[in-house]
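> Sequence plus the predicted model coming up.
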Amino acid sequence: MADQDTRTPVGIEPPALSVLRWDELPEGPAVVLLDQTRLPSEEVELICADVPALVRAIQTLAVRGAPLLGIAGGYGVALAAARGEDAARAADLLEQARPTAVNLGYGARRVERTHRAAVDGGAPADVAAAAALAEARTLHRQDAEASGRMAQYGLELLAELLPGAGHRLLTHCNTGALVSGGAGTAFAVALEAHRRGRLHHLWVDETRPLLQGARLTAYEAARNGMPYSLLTDSAAGSLFAAGEVDAVLIGADRIAADGSVANKVGSYPLAVLAKYHHVPFIVVAPTTTVDPKTMDGTSIVVEQRSASEVTEVTSRPGVAAGGEGGRTVVAPPGTQAYNPAFDITPPELVTAIVTEEGVISPVTGVGLAELCARSSQVTIS
Ligand SMILES: CSC[C@H]1O[C@H](OP(=O)(O)O)[C@H](O)[C@@H]1O
C-alpha cells in the first residue's frame with residue numbers, strides 16, 4: 001500500500017470497511033477484527049476465538065476507539081456466553097483491558113446484564129447466549145445509527161458557526177469508521193462535509209506516538225477521496241497562527257458529568273490553541289461516551305502506556321516491545337518516558353459537544369444531563 005495511490009475518485013463511494021464482526025467459524029464462534037496495527041500497509045483480519053485474545057487485541061490497539069471498544073466489549077461477553085464461560089468474569093476482563101474509554105465497560109456490562117437476566121429468568125444456556133449476542137448486535141446497530149445522526153448535527157453546527165461553504169477542519173487521532181459501527185464520530189462530520197461539497201481541506205494530526213492520524217485517518221481520508229494533508233502534532237500551532245484552521249473536530253473517550261473531555265493526548269493543547277485563536281473546538285461523541293458517575297476531569301483515569309512506544313518507532317505502533325514489525329530505538333537505552341494515552345480538556349475550552357441526541361453549547365453539566373436524558377442508553381444519576 002505504501003506506494004499505491006489509495007485515493008478513491010471523488011463521488012465514488014469506497015467499499016465499506018469490515019472493522020469488527022461476529023462470525024460462526026467451523027471451529028466455533030469468534031469476533032473477527034480488521035487489525036488496525038497493520039494499517040495502512042496491510043488489511044489483515046484478526047480472529048479472536050476467546051476473551052483473552054480479544055483483551056490482547058484491545059490492549060495492543062488492534063481494535064480501538066471508544067465506540068468500537070464498546071461494541072467489542074459487548075461481543076466479547078457474548079463470545080464468553082457462547083463458549084459456556086463466565087460472562088461476568090468476561091465483562092471484568094474486558095473492562096479492565098483499557099481504563100479510560102467508558103464505552104468499553106458500558107458495552108460489556110450492558111450485554112452481561114442481558115445475559116444475566118436471561119439466566120435468572122430460567123433460560124437454558126444456549127438461549128441466554130443467544131440473548132447476549134442479540135444485545136451486542138443491537139448495540140452495534142445503535143452505534144451505527146448514532147454515527148449518522150452525529151454527522152448531521154455536526155454539519156448543521158458548522159454551518160451555524162462558520163461563514164462560507166468550504167471548511168478547513170483539523171482533526172486529531174482517528175475518529176472514523178475504524179472506531180465505530182458507522183462512519184465514526186468527528187471524522188464522520190468531516191466526511192459528510194466532503195460529501196456535501198463543504199470540505200475545503202482536512203488537516204490530519206499524525207498523533208504521536210501511535211500515529212492514529214498518519215496511519216488510520218489518512219487511510220480513511222484517502223479511501224473517501226477527501227482533500228487532506230498530514231502534519232506533525234507540533235506543527236498545528238503554526239497552522240492556527242497562519243489562519244488556516246476554521247474548526248477543530250475531535251472525538252472523546254470519556255466525558256465527565258461536568259463536561260470535561262478525555263481524549264487522545266494532544267487534544268488539550270489543541271483546545272488551548274483554538275481558544276487563543278478564536279477557533280471553534282468541537283467534540284463529537286455518542287451519549288454512550290458520557291459517564292455521569294465521573295464528576296469531573298480530575299476523576300478520569302488516564303491510561304499510561306509503555307515507554308517503548310515513545311523511545312522506539314515501529315511499523316506496528318501499539319504492539320508490545322519485541323513484537324513483530326521493524327522497531328528502531330530513537331532514545332538512549334534506559335530512557336524513561338512520559339506516555340499518557342489521553343489528556344483532559346476542561347469544559348470552558350470546549351465550544352460544543354455533538355451527540356446523536358443533539359448539540360450542547362456552551363458545555364455545562366446541566367446541558368449534558370438534559371442531552372443524555374433524551375438517550376435510551378445513558379442514565380444521568
Ligand atoms: C471517537 S473514539 C476515538 C478516540 O479513541 C482514540 O483513542 P485510542 O486510539 O487510544 O483508542 C482517541 O482518543 C480518539 O479520539
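Received, thanks. Numbering: from 1, shown residues only.

> Look up phi and psi at the residue of the chain found nearest the ligand.
For the chain and the ligand, the shortest gap (C-beta to the nearest ligand atom) falls at Gly251, measuring 2.6 Å. In this view, the C-beta of every residue, glycine as well, is placed from N, C-alpha and C. For Gly251, the backbone dihedrals are phi -90, psi -160 (criterion: degrees, to the nearest 10).

> Could you pull up the residues touching the residue nearest to it when sequence neighbours are not counted?
The spatially closest residue to Gly251, leaving aside those adjacent along the chain, is Thr175, at 3.7 Å (C-beta to C-beta, 6 or more residues apart in numbering). Neighbouring residues of Thr175 by C-beta atoms under 8 Å, 6 or more residues apart in numbering: 65, 184-188, 217, 249-251, 284.

> cool, and Gly197?
Ala165.

> before we move on, what about Leu93?
The contact partners of Leu93, by C-beta under 8 Å, 6+ apart, come to 51-52, 55.

> so Pro14 sits right up against Asn224, yeah?
Yes. In terms of C-beta atoms under 8 Å, Pro14 counts as a neighbour of Asn224; the distance is 6.0 Å.

> of the two, who's got more company?
More crowded of Pro14 and Asn224, by other C-beta atoms under 10 Å: Asn224, with 24 against 15.

> So the more buried one versus Ala193, what's the distance?
11 Å (C-beta to C-beta, to the nearest Å).

> Show me what from the stretch 1-150 of the chain comes close to the ligand.
The stretch 1-150 of the chain has residues 61, 64-67 near the ligand, with proximity defined as C-beta under 6 Å from any ligand atom.

> Going by neighbour count, which of those residues comes out on top?
Among these, the one with the most neighbours (other C-beta under 10 Å) is Pro67, at 34 neighbours.

> Could I get the pLDDT score of the residue positioned nearest the centre of the chain?
In the chain, the residue lying closest to the centroid (C-alpha atoms, centre = their mean) is Gly65, at 2.5 Å. Note on Gly65: pLDDT of 97.

> what do you get for Ser375?
With respect to pLDDT, Ser375 scores 89.

> just Ala341 next, same as before
Looking at Ala341, its pLDDT stands at 97.

> excluding its backbone neighbours, what's nearest Ala271?
Distances taken as C-beta to C-beta, 6+ apart put Leu349 closest to Ala271, at 3.9 Å, once the chain neighbours are dropped.

> so that neighbour sits right up against Val279, yeah?
No. Counting by C-beta under 8 Å, Leu349 does not reach Val279; the two are 11.2 Å apart.

> between these two, who's got more neighbours?
Neighbour count, other C-beta under 10 Å: between Leu349 and Val279, Val279 has more, with 22 against 18.

> And stretch 166-178, what's buried?
167-178 (16 or more other C-beta atoms under 10 Å).

> Quick one: end-to-end distance for it.
One end of stretch 166-178 to the other measures 25 Å (C-alpha to C-alpha, to the nearest Å).

> Mind checking the pLDDT average for it?
Here stretch 166-178 scores 98 as its mean pLDDT.

> Can you show me the helices along this structure?
51-59, 66-82, 87-95, 102-120, 125-161, 186-195, 212, 218-223, 236-241, 267-276, 308-311, 365-373 (DSSP state H).

> pLDDT of the shortest one, averaged?
Averaged over helix 212, pLDDT sits at 97.

> of all the residues in the stretch 251-381 of the chain, which ones are close to the ligand?
With the criterion set to C-beta under 6 Å from any ligand atom, the stretch 251-381 of the chain comes near the ligand through 251, 253, 263-264, 341.

> Quick one: those residues as TSV, columns for distance to Gln36 too.
Shown next, in TSV, are these (distance: C-beta to C-beta, whole Å):
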residue	distance to Gln36
Gly251	15
Asp253	16
Asn263	18
Lys264	14
Ala341	15
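
> now those as TSV including neighbour count and distance to Lys293?
Output for these, formatted as TSV (neighbours: other C-beta atoms under 10 Å; distance: C-beta to C-beta, whole Å):
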residue	neighbour count	distance to Lys293
Gly251	30	20
Asp253	30	15
Asn263	30	19
Lys264	26	22
Ala341	22	21
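
> Okay, and which of those residues map to strands?
Within these, residues falling in strands by DSSP state E are 263-264.

> Closest to Ala108 out of the residues of the stretch 251-381 of the chain next to the ligand?
Closest approach to Ala108 among these (C-beta to C-beta): Asp253, at 15.4 Å.

> The closest residue to that closest one other than its chain neighbours: what's it in contact with?
Once flanking residues are discounted, Asp253 sits nearest to Ala101: 4.1 Å by C-beta to C-beta, 6+ apart. Contacts for Ala101 (C-beta under 8 Å, 6+ apart) come out as 65-66, 69-70, 253-254, 289.

> quick one: which two of the residues you listed are the most distant?
Using C-beta to C-beta, the two most remote members of these are Gly65 and Arg254, lying 12.8 Å apart.

> Would you mind confirming that Arg141 is in contact with Ser180?
No. Arg141 is beyond contact range of Ser180, at 11.8 Å (criterion: C-beta under 8 Å).

> Tell me which of these two has more neighbours.
More crowded of Arg141 and Ser180, by other C-beta under 10 Å: Ser180, with 29 against 13.

> Isn't that one up against Val63?
No. Here Ser180 does not reach Val63: they are 11.7 Å apart, not a contact under C-beta under 8 Å.

> Give me the common contacts of the two.
Val19.

> In terms of pLDDT, where does the closest residue to Gly243 other than its chain neighbours sit?
Spatial nearest neighbour of Gly243, chain neighbours left out: His277 (8.0 Å); criterion: C-beta to C-beta, 6+ apart. We have a pLDDT of 98 for His277.

> neighbours of His277, just the number please.
By the measure other C-beta under 10 Å, the count of residues near His277 is 14.

> hang on, isn't it packed against Phe240?
Yes. Assessed by C-beta under 8 Å, His277 is found in contact with Phe240 at 4.4 Å.

> which residues does Lys128 contact?
No Lys there; residue 128 is Ala. 81, 115, 118-119.
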